[in-house]
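> turn this into a structure:
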Amino acid sequence: MGNSRGRLAVLAVSLLALAGCGDERQDAEAPSGQFAVEVTDASFPARQRIAEPTTLKLEVANRGDRAVPNLAVTVETEPSSEGEAPAAFAEAREDATLADASRPVWILDEGPAGGGSAYVNTWAVGPLAKGQARTVEWKVTAVEPGSYTVRWRLAPALEGDAELAGGRTKGQFAVTISDEPVPARVDDDGDVVRGEEAGR
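Down below sits the predicted model:
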């Protein structure tokens, strides 16, 4: 009898504790409201060549009176087939036999500093103080010829009810990659020289 009462007491305390946990939302500390952040300049060469390193660059400024908690940027290559999921610097292949249906269009050589996140196409680059500006860059190398549309968009945080107040917060690049490789040669020091200088 005593053991049964003891078990009932423990169960009652446990249920009360669980009920108390449900009173506070897990995202209670998540940011909310509007944030005035915008892209002041965006660049990605419209014409590229196979094996040519290049940079997708966004200049981002905080125009508001409050700090952006965790600036996030999503980059997606528009899929060539309707219904396919977009990828950051790749396209999906229509081949059910492949374990990974993603086909790289660009090799990502270097992403934004400190930009890791749990999302495949999104980089979280940290807070942006009032009046602060930051350059966000992706260094890539083209590996698949063709014509592509690369879209980008901003978010003030990865979670919560945070919204953007307006301004230029999304855009796209139309890019054509030629299958003619970049000229390359090995110089007298054994280094690989690419670009116009390699053809001299």
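> can you pull up the bridge partners for Glu137?
Applying DSSP bridges to Glu137 gives these bridge partners: Lys57.
> can you get me a residue count around it?
By the criterion of other Cβ atoms under 10 Å, Glu137 has 16 neighbours. Where C-beta positions appear, they are placed from N, C-alpha and C, glycine not excepted.
> that one touches Leu56, doesn't it?
Yes: at 7.0 Å, Glu137 counts as touching Leu56 under the criterion of Cβ atoms under 8 Å.
> can you list the low-confidence ranges for this structure?
In the predicted model of the chain, residues 1-31, 83, 93-101, 117-118, 160, 194-200 satisfy pLDDT under 70.
> just the helices in it please.
In order along the chain, the chain carries the following helices (DSSP state H): 2-21.
> surely Trp123 and Ala113 touch.
No: counting by Cβ under 8 Å, Trp123 stays clear of Ala113, with 9.6 Å between them.
> show me which of these two is the more surrounded one.
Taking other Cβ under 10 Å, Trp123 and Ala113 do not tie; Trp123 has more neighbours (20 against 12).
> which residue, other than its chain neighbours, is closest to Val175?
Tyr148 (5.0 Å; Cβ to Cβ, 6 or more residues apart in numbering).
> how near is the one you found to Phe89?
9 Å (Cβ to Cβ, to the nearest Å).
> for Glu159, same thing?
For Glu159, the distance to Phe89 - Cβ to Cβ - is 25 Å.
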